[in-house]
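Trainee: below: sequence and its predicted model.
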Amino acid sequence: MKFGRLILKESSAKKPLSITPAGKYVTAKDVLAEVSLQASSLFALSEEQQIKLTLARYELEPDFKLGIIGVGLLTKTEIMEHIRSQDTFGQVAVQAEMGYCNELISSLNAAKLPGRPVIPKKPVPTYPDWKPIKKCIYLKVKTRALFCENTTDAVTTPFASYRMARVHPVFAARGFAVDVLKDVDDKRAKFIPKAKSSLTVYGSGVGHGAYTLYTGHHGDRILEVGIYDPAEVSGKAFHFLSCQTGGKLGPDTVAKGAKCYAGYTENFHLVWDSSSTPVDEFICFAEADSTFDIMMANGATAQQAYNATIASFNAQLAKPGIPGSAAATWLAYDRDHLKLFGNPATVILPFRFVKICFPLMDLEKQEALVTAGVVTEGYK
């Protein structure tokens with residue numbers, strides 16, 4: 001059903017968008033018919049009215065499951081129980097619903113819909129593998145994109161599979177060495193030596209998290225405030241699809257020398273597909289979040305990648321069948337809690353140069369060169 005430039009599925013069109021002081025529900029059709037209904041914020045409603053409106057909207061939503069990274073899956077019935085009890089999640093759900101309804105009311109009369117960001121593919125600069133300069137040579141070496149992908153539960157595994165199919169190949173095509181820690185290898189012991197390497201320039205992945213840590217296989221604490229060596233993050237860019245890590249872990253990595261960190265300051269929520277939706281709702285969440293990684297792989301600055309990711313979330317919100325749905329509420333919530341820390345001008349390249357000057361007087365450097373090559377008794 002079309003309202004302005006937005007297309008709502010039938011169930012979303014029936015859902016109330018607001019409530020009058022007298023307790024009468026207001027739908028999208030009512031808002032378009034009477035401009036005055038767009039004037040006030042839903043946050044001005046009483047707490048009782050906000051809860052009542054939220055429950056009424058969820059009541060008309062087709063059955064679905066809400067995945068919360070680090071928490072698990074909730075059914076529609078369970079979500080409504082949380083809203084009624086007004087526990088921590090119940091309060092978040094009401095705030096998210098009011099925030100999105102305000103946005104939807106404003107967008108009903110939008111002049112145009114937000115479009116998907118254009119992701120440029122910048123050509124990789126070409127350099128010779130070595131260039132003699134006096135008694136020194138410069139060797140071009142690949143840099144590493146290190147991915148920690150949690151594949152151990154029902155919430156993270158679909159994201160990990162999506163990222164390995166849609167994100168990792170972009171880095172490989174750009175020229176990065178792609179190193180993936182998954183399954184039982186998604187652990188701190190495997191992460192440390194790879195993260196400390198001066199050739200690792202980017203870290204990403206999906207996993208559970210908290211304000212101070214990012215976890216891997218069965219809760220292994222991969223990166224935790226106060227525990228990790230600054231060498232694990234120094235000079236690198238990071239983006240983790242996880243709950244809350246943007247709260248304290250992200251800023252802490254920047255303070256320890258990371259170039260930038262993009263992450264979510266609160267729990268990341270996603271809606272699994274409902275049979276009545278004409279689009280794949282999971283893909284909406286996965287595609288929006290992965291925009292940051294893909295933009296960085298293609299040579300964008302961190303700020304450009306962040307802006308494109310926000311634009312991607314907005315484009316998902318405008319897809320046919322999404323406006324007015326539960327998926328839209330949580331897409332907007334996740335978008336609003338994605339933050340960028342550090343240097344917005346950060347760019348990652350798929351190579352670095354190693355300068356080697358002869359003669360090598362340092363015995364340790366000679367040993368390193370011998371290890372990299374093949375020892376022979378003569379020269380040809």
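Mentor: Perfect, thanks for sending it.

Trainee: and the closest residue to residue 113 other than its chain neighbours, how far from residue 332?
Mentor: Nearest residue to residue 113 in three dimensions, chain neighbours excluded: residue 318, at 4.4 Å (C-beta to C-beta, 6 or more residues apart in numbering). Glycine gets a C-beta too; all of them are placed from N, C-alpha and C. Separation of residue 318 from residue 332 (C-beta to C-beta, to the nearest Å): 11 Å.

Trainee: swap in residue 74?
Mentor: Distance, residue 74 to residue 332, using C-beta to C-beta: 18 Å.

Trainee: more neighbours, these two?
Mentor: residue 332 (22 against 19; other C-beta atoms under 10 Å).

Trainee: would you agree the more buried one falls within a strand?
Mentor: No: read with DSSP: H, G, I helix; E, B strand; the rest coil, residue 332 is helix and lies in no strand.

Trainee: how about the CA coordinates for stretch 236-245, as PDB?
Mentor: Extracted C-alpha coordinates of stretch 236-245, given in PDB (Å, rounded to 0.1, in the frame of the first residue of the first chain):
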ATOM      1  CA  LYS A 236      44.900  -0.300  12.500                       C
ATOM      2  CA  ALA A 237      41.200   0.400  11.700                       C
ATOM      3  CA  PHE A 238      38.400  -1.700  13.200                       C
ATOM      4  CA  HIS A 239      34.700  -2.500  12.700                       C
ATOM      5  CA  PHE A 240      32.900  -5.100  14.700                       C
ATOM      6  CA  LEU A 241      29.300  -6.100  14.200                       C
ATOM      7  CA  SER A 242      28.600  -6.800  17.900                       C
ATOM      8  CA  CYS A 243      26.600  -5.400  20.800                       C
ATOM      9  CA  GLN A 244      27.900  -2.500  22.900                       C
ATOM     10  CA  THR A 245      31.600  -2.500  21.900                       C
END
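
Trainee: what pLDDT, on average, does that stretch get?
Mentor: Stretch 236-245 shows a mean pLDDT of 97 in the predicted model.

Trainee: then stretch 282-289?
Mentor: pLDDT averaged over stretch 282-289 gives 96.

Trainee: what does stretch 164-184 give?
Mentor: Stretch 164-184 shows a mean pLDDT of 97.

Trainee: distance between the ends of that stretch?
Mentor: In stretch 164-184, first residue to last residue: 16 Å (C-alpha to C-alpha, to the nearest Å).

Trainee: now do it: everything it contacts.
Mentor: Stretch 164-184 has contacts (C-beta atoms under 8 Å, 6 or more residues apart in numbering) with 124, 142-152, 160, 187, 190-191, 194, 199-202, 204-205, 216-217, 286, 290, 293-294, 297-299, 350-351.

Trainee: how far off centre is it?
Mentor: Its chain's C-alpha centre and that of stretch 164-184 lie 16 Å apart, by C-alpha atoms, centre = their mean, to the nearest Å.

Trainee: in space, what's closest to residue 270 - neighbours in sequence excluded?
Mentor: residue 285 (4.3 Å).

Trainee: list the buried residues of the helix or strand where that neighbour lies.
Mentor: In the assignment (DSSP states H and E), residue 285 maps to helix 281-297. By neighbour count on 16 or more other C-beta atoms under 10 Å, the buried set for helix 281-297 is 281-282, 284-297.

Trainee: do the same with stretch 339-359
Mentor: If you call a residue buried by 16+ other C-beta under 10 Å, then stretch 339-359 has these buried ones: 340-342, 346-348, 350-351.

Trainee: and what of stretch 81-89?
Mentor: 82-83, 89.

Trainee: same check on stretch 185-200?
Mentor: 186-188, 190-191, 194-195, 199-200.

Trainee: so after the helix or strand of the chain with the lowest mean pLDDT, what's the next helix or strand?
Mentor: Least confident helix or strand, the chain: strand 130-133 with a mean of 52, by mean pLDDT, DSSP states H and E. Remark: after strand 130-133, the chain's next helix or strand is strand 136-142, criterion DSSP H and E.

Trainee: pairing partners for the next helix or strand after that next one, with directions?
Mentor: The helix or strand immediately downstream of strand 136-142 is strand 144-149, counting by DSSP H and E. Applying DSSP bridges, strand 144-149 is found paired with strand 177-182 (parallel), strand 200-206 (parallel).

Trainee: what's the angle between strand 144-149 and helix 281-297?
Mentor: 160 degrees (axes from the mean of the first three to the mean of the last three C-alpha atoms, to 10 degrees).

Trainee: just the C-alphas of strand 144-149, formatted as CSV.
Mentor: This file holds the C-alpha atoms of strand 144-149, laid out as CSV (Å, rounded to 0.1, in the frame of the first residue of the first chain):
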residue,chain,number,x,y,z
ARG,A,144,46.3,-8.1,5.9
ALA,A,145,42.6,-7.7,6.7
LEU,A,146,42.0,-9.9,9.8
PHE,A,147,38.4,-11.2,10.3
CYS,A,148,37.1,-12.8,13.5
GLU,A,149,33.8,-14.4,12.5
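
Trainee: pLDDT at the nearest residue to residue 342 once chain neighbours are set aside, what is it?
Mentor: Excluding the flanking residues, the one nearest residue 342 by C-beta to C-beta, 6+ apart is residue 260, at 3.4 Å. Per-residue confidence (pLDDT) for residue 260: 98.
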